[in-house]
Structure formats: C-alpha cells, structure tokens
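Q: here is my input, please return the structure:
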Amino acid sequence: MTASRNFRAASIAVLLVLLAQFLIGMAVNLFVQIPRNHPGARPTEYFSGAAQSVAWAVSAGPFWLLVHASLGILIVVAAAVLLAMAIAARRRGPIIAAVVGLFAVVAAGFNGASFLNYDEDFSSMLMSAAFAVAVAAYILGLFTDRRAG
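A: Residues are numbered from 1 along each chain as shown. A predicted model of the protein is given here:
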C-alpha cells in the first residue's frame, strides 16, 4: 500500500473510533454518575487535577467512564500517528487536516478532563464541539488526498 492509501485507511479507522467514542460519551453523559469527590476533583491547579482525574477515570472510574477515558487516550495517540502518516504521504491537504484533527482531539481531551475536574456542562459541550471539528477535519483530509485511488 502506498503512504497515501495507508493514510486513507487510517483516517477511516480513526473516524470510526471517534464515532464509537461519541456513543460511549453519550452513555457516560446519560447513565454514569461521576462522584463529586474523586481524585483530582475541584483542583486549585488545572493540569495536576486533570492528570489525577484522568488517572482515576482509567483506573477506578465507573465502567463506561473508564472505557471513554481510555479510548480517548488511544485516540490522541492515533491522531498523532495519523499526522505522521500524512507527513509521510507528503500531501498538504491531509497534513493540514491531520493537524486540525489532532488539535481538536487534544482539545476534546482537555475539555473532558475539565469536566471531570469541575463538573461543568460547558466543558462537555466543548468536548462534543471539538469532536465535531475532528470528524470534519478527517473527512476533509480524505477528500483532499488526491493521490489515493
């Protein structure tokens, strides 16, 4: 497979995982009660609280939150790999799309951590908005990759 075809296949895989992540996030939103006093909750400093909250979520959180947070970490890694693949394919459109996608995935993650930290609905809304930006970026990346057949 060419670098361009690998990029397209990986983009489709990331899109499918993002869609699964969205559905799992809806399950968390509707059916999971996050304790108000978990490790990292209401920190005085955001980043250490976020690290504690995410560590708690992936190690001891309710099942669907554990799945959602763990998959989120894997999506960040996949988005970084997708950017590397776009760079290897040497195509400007996919590179820009992958940069925007990675930025949006990281933004969604930070807002998810913010939601765990402070329990503010606005963080959840920003997480879903960043998800939408990532999906749009990866779809556009597929359309701008002209060499793939």
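
Q: all helices for this protein, in order.
A: 3-31, 46-60, 63-89, 92-118, 121-144 (DSSP state H).

Q: what would those look like in a markdown table with distance to Gly40 and mean neighbour count?
A: All C-beta spots, glycine's among them, are computed from the backbone N, C-alpha and C. As requested, the helices of the chain are exported to a markdown table (distance: least, Cβ to Cβ, whole Å; neighbours: other Cβ atoms under 10 Å):
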| stretch | distance to Gly40 | mean neighbour count |
| --- | --- | --- |
| helix 3-31 | 16 | 17 |
| helix 46-60 | 3 | 17 |
| helix 63-89 | 12 | 18 |
| helix 92-118 | 6 | 21 |
| helix 121-144 | 14 | 17 |
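
Q: skipping its backbone neighbours, what lies nearest Gln52 in space?
A: Counting by Cβ to Cβ, 6 or more residues apart in numbering, Gln52 lies nearest to Gly40, which is 3.1 Å off, once chain neighbours are set aside.

Q: wait, that neighbour touches Ala50, no?
A: Yes. With contact defined as Cβ atoms under 8 Å, Gly40 counts as touching Ala50 (6.8 Å).

Q: which neighbours do the two have in common?
A: Both Gly40 and Ala50 are contacted by Leu116, Asn117, under the criterion Cβ atoms under 8 Å, 6 or more residues apart in numbering.
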